[in-house]
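Chemist: Dropping the sequence and predicted coords here.
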Number of protein chains: 2
Amino acid sequence: MKNLSRVFKALSNENRLKVFEQIRKKELCCKEDSFEGCCVGDVAERFPLALSTISHHLKELRSAGLIVCEKRGQWVYCRVNHGILREAEDFLKGRL
Amino acid sequence: MKNLSRVFKALSNENRLKVFEQIRKKELCCKEDSFEGCCVGDVAERFPLALSTISHHLKELRSAGLIVCEKRGQWVYCRVNHGILREAEDFLKGRL
DNA sequence: ATCTTAATTCGATAGATGTCGAAATAAGGA
DNA sequence: TCCTTATTTCGACATCTATCGAATTAAGAT
């Protein structure tokens, strides 16, 4: 229950929700070419928010388990963790 | 997107999530006998929280659209709004 | 070694949130 | 009318959150 509320909290801020959607959208549209993730700068490009704020939102998404990040060179790539999405979905369906 | 983040925000507090679950559980187990809802006192019984706090959480759930409330006599009965649950579920599935 | 680029961390701050107990409102019963 | 019960609203307060810009860390490139 606590974990679930953490997931929902991570999605409870409008900007953070958009950040998450951005990562998911990119992942979806680049599925074919062995997508290795979306780097922080790419995510930040569309938002009227300081980079440090985006970084903070990504940290929240990460610690809620909604995304997974991996450093490659000087970039950090983020991907969606679909498992946890399914768990949240199951909760909403009433299968707890 | 804003509405969605409101729904998630309403579920983002652990106690509020439990309150919601309580209403849903009761609704589920009383489905047969023309369930008219769960009154505020019933919800509050299980929680180590002041009644005023429960009332506040119910207000949040209501204004996010997660529950519907109706006054009958001196009691207020709450029921789950399943439509909005389905919307949130669709979002998690990626069908936006 | 120094410079640049990517990202995180830090410190500050305004504003939101969760919680309580007390007071107010509303409905019913004696 | 007065009392009781159910619920909401109010005022206060401590804590958490979103945001910024500046400083820091890390990796490459020159």
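Modeler: That came in fine, so what should we check first?
Chemist: Chain A: strands as residue ranges?
Modeler: Ranges of strands in chain A, per DSSP state E, are A:38-39, A:67-72, A:75-80.
Chemist: correct me, but A:Asn15 touches A:Phe47?
Modeler: Yes: the pair A:Asn15 and A:Phe47 passes the contact test of Cβ atoms under 8 Å, sitting 6.7 Å apart. Placement of C-beta: from N, CA and C, glycine included.
Chemist: got the contact list for A:Ile67?
Modeler: A:20, A:23, A:58, A:61, A:78-81 (Cβ atoms under 8 Å, 6 or more residues apart in numbering or on different chains).
Chemist: Apologies, that question was intended for A:Ala88.
Modeler: A:4, A:7-8, B:92.
Chemist: mind redoing it with 6 Å?
Modeler: The contact partners of A:Ala88, taken as Cβ atoms under 6 Å, 6 or more residues apart in numbering or on different chains, are A:7, B:92.
Chemist: and the longest helix along chain A with DNA strand C, contact?
Modeler: Across chain A, the longest stretch assigned as helix under DSSP state H is helix A:14-29. No: legend: contact between helix A:14-29 and DNA strand C by Cβ under 7 Å from any atom of the strand is lacking; minimum distance shown is 10.8 Å.
Chemist: can you redo the contacts of A:Ile67 as TSV with neighbour count, distance to A:Cys30 and pLDDT?
Modeler: Listed next are the contacts of A:Ile67 as TSV, based on neighbours: other Cβ atoms under 10 Å in any protein chain shown; distance: Cβ to Cβ, whole Å; pLDDT from 0 to 100:
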residue	neighbour count	distance to A:Cys30	pLDDT
A:Phe20	24	16	97
A:Ile23	23	11	95
A:Leu58	22	18	98
A:Leu61	24	19	98
A:Cys78	25	13	96
A:Arg79	17	11	95
A:Val80	22	12	96
A:Asn81	16	17	96
